[in-house]
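S.K.: Fold the following, please.
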Amino acid sequence: MKKSSILLYGFVLFLFSCSPKVQPQPYSAEVNFLYKEAQGTIAVRTTGFGKNQTDAVRDAQINAFNVILFKGIPGTELNVPLVSNENDAKSKNPEYFKNLFDRDFYKTFMMSSSESSSLMNVKGGKKITVDVKINYNSLRIDLEQKTIVRKFGL
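M.R.: As a prediction, the model looks like this:
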């Protein structure tokens, strides 16, 4: 009896140790295409959440960049994400992504940002919708120069 319970316990531990460690996505996919004004730019409508208006707007802007980088936007020339493997890219280039999001480097690729809805109270904080225009061509070039993605066409 003791041997079988040890085997069962060992088997259960083995199963849990083999399960993949999937990180939940820290951003919302509430990003919709608005228009394309010039080659290499895109305008999107994105939703953000936060404890106040500033945090919610920042969250919306970062959501737009996360979707362009790691998900893509169907029906546009960005239907394929700029970075094919989010976890791999973030683990190999942690300083780049820390600089991009934590130190607001993403704003260098943002051409404009305007609130398209009023701040709304939701469970746990505030919600806002923002229209963001992004120079994704410059973002792609920066990713290539930092060797996070291969050069286009290579």
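
S.K.: For the rest of this, base every contact and every neighbour count on C-alpha atoms.
M.R.: Will do.

S.K.: Going along the chain, name the helices of this structure.
M.R.: 2-18, 53-70, 86-92, 94-97, 136-145 (DSSP state H).

S.K.: The second one relative to helix 136-145, how many degrees between them?
M.R.: By that I understand helix 53-70. 70 degrees (axes from the mean of the first three to the mean of the last three C-alpha atoms, to 10 degrees).

S.K.: Any regions of the chain where pLDDT drops low?
M.R.: 1-29, 152-154 (pLDDT under 70).

S.K.: Just want the most central residue of this protein.
M.R.: Nearest to the geometric centre of the chain sits Asn66, at 2.1 Å (C-alpha atoms, centre = their mean).

S.K.: if I look at Ser113, how far off is Ala64?
M.R.: From Ser113 across to Ala64, the span is 11 Å (C-alpha to C-alpha, to the nearest Å).

S.K.: out of the two, which sits in the more crowded spot?
M.R.: Ala64 (29 against 19; other C-alpha atoms under 10 Å).

S.K.: That one is in contact with Thr46, isn't it?
M.R.: Yes - using C-alpha atoms under 8 Å, Ala64 makes contact with Thr46 at a distance of 6.1 Å.

S.K.: Could you tell me which residues touch both of these two?
M.R.: 31, 132 (C-alpha atoms under 8 Å, 6 or more residues apart in numbering).

S.K.: rewinding a little: okay, and the common contacts of Ser113 and Ala64?
M.R.: In contact with both Ser113 and Ala64: Val132, using C-alpha under 8 Å, 6+ apart.

S.K.: Surely Tyr136 and Phe109 touch.
M.R.: Yes - using C-alpha under 8 Å, Tyr136 makes contact with Phe109 at a distance of 7.0 Å.

S.K.: neighbour count winner among those two?
M.R.: Counted by other C-alpha under 10 Å, Tyr136 and Phe109 do not tie: Tyr136 has more neighbours, with 21 against 18.

S.K.: ok, that one - contacts?
M.R.: Going by C-alpha under 8 Å, 6+ apart, the list of residues near Tyr136 reads 40-42, 109.
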